[in-house]
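*Asks:* fold the following and give me the result.
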Amino acid sequence: MVTHIARWDLDKTYLRTEFDSLRDILRTALERPDEKRTNPGASTLLREMVRAGIRVHILSGSPEQMRRRLEDKLRLDGITWDTFTLKPNLQNLLRLRFRAVRDQLGYKLPALVKARAAVGEGAESAAACHETLFGDDAEADAYVYSLYADIVAGRVTEDVLARVLERGRVYDDVAAETLEIVRGIEPVDAVERILIHLEQQTPPDDFRTYGPRVVPFYNYLQAAFVLHEDERLAPGGVLRVAVELVTEHRFDGDALARSYLDLARRGHLRGARVDDIARELDAWLSAGAVPASDELRTMSARLAVLADVARERHSTKEVPLPDYLGLVVAHNARRRR
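*Replies:* Prediction:
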């Protein structure tokens, strides 16, 4: 039975993709799979999540025509997945649906609720299946993911959703289909975390309106720390992400520890389970040579102290439901630009 799902975006979340100019778009479309660049630590984290038994569902705004190259890239990285959804841009153009080419609300939200409705089919229990969502700050991921999470939890009424879809200029037939699917979803507080990669270096405070469920992060070690505290990632997974950042991206032990400290100061960590990381590192060291051992020791030693910062800053205070109707006008940053 599926107990946890990770839903991943690709561009600017998993892949280092540029879409700022027509030249960028053409270069991205023509890149061979081996030329596509992965964000540091992303492939290691994703492999570790699969190792932990998490099922991976990919939902990307890249056009359907790029499927083969994107799938080949993921295979090169050793990634396995359950579903792979890409945007039907050619179909949208043929139907003269030009807004749909750039819009994320009218694409990702329907795709997410369809996928959620499918979770309860067969022998799987929707109530027992929780989710972690990965996106970035270049488009509308924080908004769409948060809206989806609150829809699934039953906190967004049908009336509010209908008005959001209307104000968000979602095509009428897509809005009607989305509302119909939502009516059949079993309400459950399923989304544990929404992890937003700060590709555009957006100030983390900009995401506070969505509450503590949304965690903006700068590097994938930070994402690993969060997932480890959520008991979705083994301590060895955290260490393997850290090893990659040291050996391939020139992080030192202090930089690894500062990644934890940044999250702790922003209140995204509880200060739990750092002892598990220390014990796992001790087991690695006792078993033989370990890559980046000095940097890992430095990180591990500092985590014990930094966990106190996390405990002091962490808050369980409830936040109000985001004003999705008010926020929808500005939900797509790339479209505004």
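*Asks:* so, low pLDDT: which residues of the stretch 51-200 of the chain?
*Replies:* Per-residue confidence for the stretch 51-200 of the chain (pLDDT under 70) gives these ranges: 92, 94-98, 100-101, 120-125.
*Asks:* what sits against G106?
*Replies:* 99-100, 165, 168-171, 174-175 (C-beta atoms under 8 Å, 6 or more residues apart in numbering). For every residue, glycine as well, the C-beta is placed using N, CA and C.
*Asks:* which one is it nearest to, not counting chain neighbours?
*Replies:* Of all residues not flanking G106 in the chain, V170 sits nearest, at 3.9 Å (C-beta to C-beta, 6 or more residues apart in numbering).
*Asks:* how about stretch 294-304: buried residues?
*Replies:* Buried residues in stretch 294-304, counted by 16 or more other C-beta atoms under 10 Å: 295-300, 302-303.
*Asks:* kindly report the same for stretch 67-84.
*Replies:* Those would be 69-71, 73-74, 77, 79, 81, 84, for stretch 67-84 by 16+ other C-beta under 10 Å.
*Asks:* repeat that for stretch 224-235.
*Replies:* Of the residues in stretch 224-235, those buried (16+ other C-beta under 10 Å) are 224-230, 232-235.
*Asks:* what does stretch 108-116 give?
*Replies:* Buried residues in stretch 108-116 (16+ other C-beta under 10 Å): 108-113, 115-116.
*Asks:* just the ones of the residues you listed in helices?
*Replies:* Among the buried residues of stretch 108-116, the members falling in helices (DSSP state H) are 108-113, 115-116.
*Asks:* report the contact partners of the residue nearest to D323 when sequence neighbours are not counted.
*Replies:* Once flanking residues are discounted, D323 sits nearest to T209: 7.9 Å by C-beta to C-beta, 6+ apart. Contact analysis of T209 by C-beta under 8 Å, 6+ apart lists 322-323, 327.
*Asks:* which residues in the stretch 51-200 of the chain form helices?
*Replies:* 67-76, 89-94, 98-102, 105-119, 141-152, 158-167, 172-183 (DSSP state H, counting those that start in this stretch).
*Asks:* rebuild those as a markdown table, extending it with distance to D308.
*Replies:* As requested, the helices of the stretch 51-200 of the chain are exported to a markdown table (distance: least, C-beta to C-beta, whole Å):
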| stretch | distance to D308 |
| --- | --- |
| helix 67-76 | 39 |
| helix 89-94 | 50 |
| helix 98-102 | 45 |
| helix 105-119 | 38 |
| helix 141-152 | 29 |
| helix 158-167 | 41 |
| helix 172-183 | 43 |
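*Asks:* looking at those helices, which one is packed in the most?
*Replies:* helix 141-152 (a mean of 26; mean count of other C-beta atoms under 10 Å).
*Asks:* that helix to helix 172-183, inter-axis angle?
*Replies:* 50 degrees (axes from the mean of the first three to the mean of the last three C-alpha atoms, to 10 degrees).
*Asks:* quick one, phi psi at the closest residue to D150 other than its chain neighbours?
*Replies:* Nearest non-adjacent residue to D150, counting by C-beta to C-beta, 6+ apart: V156, 4.7 Å away. Per-residue torsions, V156: phi -100, psi 120 (degrees, to the nearest 10).
*Asks:* which secondary structure elements does the longest strand anywhere in the chain contact?
*Replies:* Selection of the longest strand in the chain by residue count, based on DSSP state E, yields strand 55-63. With contacts defined as 3 or more C-beta pairs under 8 Å, 6 or more residues apart in numbering; DSSP states H and E, strand 55-63 has these neighbours: strand 4-8, helix 42-51, helix 67-76, strand 83-87, helix 105-119.
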